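>>> Below is the sequence, then the predicted model.
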Amino acid sequence: MRDAEPDPDDDALPESKTRRKKDMLELQALGEALVAISGERLHAVPMPDALRDAVLEAQRIRQRGAKRRQLQYIGRLMREVDAEPIRRALDEFAGRSREHAARQHRLEHLREQLLEDETILQQLAEQWPGADLQQLRVQRRNALKERQLGKAPKAYRQLFRLLRELDDGADRPRWEAAQEEKDHEG
């Protein structure tokens, strides 16, 4: 018996119904992700105008059945489009969101360190020479008073805003990076 040689036409076999359905559902899920993003970000995603219009329409629809049908229509439109640039754009947005959340947590942690220990002010002055230490000191003192008296955290929030403004104007503080290295070593 001869060994069967691979048939060059095997690649021409039709895709299974299960595979086609899975691909359609993935494209529909990608369409749902498009519907979930804000209008500003939506305009940054590379896509045909017909698809963009369908997504904008889906964002306006409130009735459940009508929205489901519109999402199916978006999935159908997605089959005619190269979905990879859309996926990359959505992944980029997700990455920016994670970076933003990490930055927020880092600044919140810095605020807590400052409230616990006033010597952090000196480290802030070294990192950000233009920092208004007097204003930071006043907001720190007011935030501690608010905490003690159980008042609304107005100064606490203002302290965060000041730190964010400093961070906006400079790279990540060197002393924070050094602190993280110490934490990982120990």
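Structure received. Every value quoted in this text rests on a predicted model; they were computed, and no experiment measured them. Residues are numbered from 1 along each chain as shown.

>>> Report the buried residues of the helix or strand containing Pro85.
For Pro85, the host element (DSSP states H and E) is helix 84-116. Neighbour-count burial for helix 84-116, counted by 16 or more other CB atoms under 10 Å, picks out 86, 89-90, 93, 106-107, 110-111, 114-115. Yep, even glycine has a C-beta here, placed from its N, CA and C like the rest.

>>> check contacts around Ile74.
By CB atoms under 8 Å, 6 or more residues apart in numbering, the contact set of Ile74 is 28, 31-32, 34-35, 51, 54-55, 58.

>>> For Leu77, state which of these is nearest.
Lowest distance from Leu77 to the contacts of Ile74 (CB to CB) belongs to Leu51, with 4.8 Å.

>>> Three-state assignment for the closest residue to that closest one other than its chain neighbours, please.
For Leu51, ignoring the flanking residues on the chain, the nearest one in space by CB to CB, 6 or more residues apart in numbering is Leu77 at 4.8 Å. Secondary structure, DSSP: H, G, I helix; E, B strand; the rest coil: Leu77 is helix.

>>> Leu77 touches Arg52, doesn't it?
No. Judged on CB atoms under 8 Å, Leu77 makes no contact with Arg52 at a distance of 9.9 Å.

>>> wait, Arg52 sits on Ala44?
No. In this structure, Arg52 is not within contact of Ala44 by CB under 8 Å, at 11.0 Å.

>>> now the residue positioned nearest the centre of the chain: how far from Pro85?
Centroid check for the chain by CA atoms, centre = their mean gives Ser97 as the closest residue, at 1.4 Å. Distance of Ser97 to Pro85, given as CB to CB, to the nearest Å: 19 Å.

>>> same question, Leu25
With CB to CB as the criterion, Leu25 and Pro85 are 20 Å apart.

>>> Also Gly31?
From Gly31 to Pro85 the distance is 14 Å (CB to CB).

>>> Show me the domain layout of this structure.
Split into domains by automatic domain parsing, the chain comes to 19-81, 99-185.

>>> for the record, mean pLDDT for the longest one?
So that's domain 99-185. Averaging pLDDT along domain 99-185 gives 83.

>>> Over to stretch 38-53?
88.

>>> Show residues contacting that stretch.
By CB under 8 Å, 6+ apart, stretch 38-53 touches 34, 37, 55-56, 59, 74, 77-78, 81, 85-86, 89-90, 93.

>>> what's the span of that stretch from first residue to last?
14 Å (CA to CA, to the nearest Å).

>>> Quick check: buried residues in that stretch?
By 16+ other CB under 10 Å, the buried positions in stretch 38-53 come out as 42, 45, 47, 51-52.
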